[in-house]
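K.L.:
generate a structure from the sequence data that follows.
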Amino acid sequence: MVLHGFMEKRSPKSPYAWQRRWLSLRKSFGGGFPAMYISWHKDYASPPKCRMPLNEVVSVQLSDTTPVTVAGDGKTYLVNDENLSKVRRRSCEFSLLTKARRFNFRTASLFEAVIEAAFLVANADGVFDEAEQTTFETVVSEACKNSVQQADLSALVADLREQLDEDGAAHRISMVAQVVSEGEHKLEVLRIAALMAHISGGVDDSERKLMDDLAQQFGLDQQAVDTALQQAQLALGR
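P.N.:
Presented below is the predicted three-dimensional model:
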């Protein structure tokens, strides 16, 4: 394996939601000659959902306005993230065009980890009814400054629900922790999760335990959770 990590792939099916996938770039020696190929998986431990040789890629196209520069090799794109907001940092959308079809990807960002953490808190007690979904969507809209369309939100909820049902909360918590590496970003994820807990009717034992588990995966102690809950409470004027 040469490179690996989380990215997001747009689903080819309506409503074309973004789905977090584990991508790997590998070298194959099939036929006696080395060749590079990309494969993507649901997560790092699951079997590949697709495998694409790099020699089938006709071109790479940037699909958004994220500021980038071209590296010295004339081929590599570098994301200039100094002026990006926290929720968009290191997020860049691009397309791989083959002779057969187009594959759309974007780099995994803090935004997706924030949203999944809030979703896990909302589902901590095993109930995610219409009122809680409305509350969750309100938190998401506030976190991304109302830049996410309703159709995208509905698709996001469906994708997160499917992942949670299939994997369980403990595994999804570990997946969030895999994405978030910087200290300040870990605290930001906890703050939004705490906000979700407070808004959805107060912090119960199941929500507190989930946040403690998340903090443990981040390498943080329970004091970080206490601080996040206090900051959310102050932000809500309670």
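K.L.:
strands of the protein, residue ranges please.
P.N.:
3-10, 18-28, 35-41, 48-53, 57-62, 68-70, 77-79, 93-98, 102-107 (DSSP state E).
K.L.:
show me where this structure dips below the pLDDT cut-off.
P.N.:
For the chain, applying pLDDT under 70 flags the ranges 1-6, 14-16, 29-34, 44, 62-92, 106-110, 143-152, 238.
K.L.:
how is it partitioned into domains?
P.N.:
3-107, 110-235 (automatic domain parsing).
K.L.:
returning to what we had before: quick one: closest of the strands of the chain to I192.
P.N.:
Closest to I192 of these, according to C-beta to C-beta: strand 18-28, at 17.0 Å. Using the backbone N, CA and C atoms, a C-beta is placed for each residue, glycine as well.
K.L.:
which residues sit against stretch 111-120?
P.N.:
8, 18, 20, 87-88, 91, 136, 139-140, 143-144, 156-157, 160, 164, 169, 172-173, 175-176, 179-180, 185, 188-190, 192-193, 195-196, 210, 214 (C-beta atoms under 8 Å, 6 or more residues apart in numbering).
K.L.:
on that earlier part again, please identify the deepest-packed of the domains of the chain.
P.N.:
Ranked by average neighbour count under the criterion mean count of other C-beta atoms under 10 Å, the domains of the chain are headed by domain 110-235 at a mean of 18.
K.L.:
return the distance of that domain from the chain's centre.
P.N.:
12 Å (C-alpha atoms, centre = their mean, to the nearest Å).
K.L.:
before we move on, the earlier item: may I see the strands of the chain arranged in CSV, with distance to L120 as well?
P.N.:
As requested, the strands of the chain are exported to CSV (distance: least, C-beta to C-beta, whole Å):
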stretch, distance to L120
strand 3-10, 17
strand 18-28, 14
strand 35-41, 21
strand 48-53, 23
strand 57-62, 32
strand 68-70, 32
strand 77-79, 28
strand 93-98, 25
strand 102-107, 22
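K.L.:
of those, give the one that comes closest to A235.
P.N.:
Among the strands of the chain, the nearest to A235 by C-beta to C-beta is strand 18-28 (27.3 Å).
K.L.:
which other helices and strands contact that closest one?
P.N.:
The contact analysis (3 or more C-beta pairs under 8 Å, 6 or more residues apart in numbering; DSSP states H and E) places strand 18-28 against strand 3-10, strand 35-41, helix 150-167.
K.L.:
what's the closest of the ones you listed to M52?
P.N.:
With C-beta to C-beta as the criterion, M52 lies closest to strand 35-41 of the helices and strands packed on strand 18-28, at 5.0 Å.
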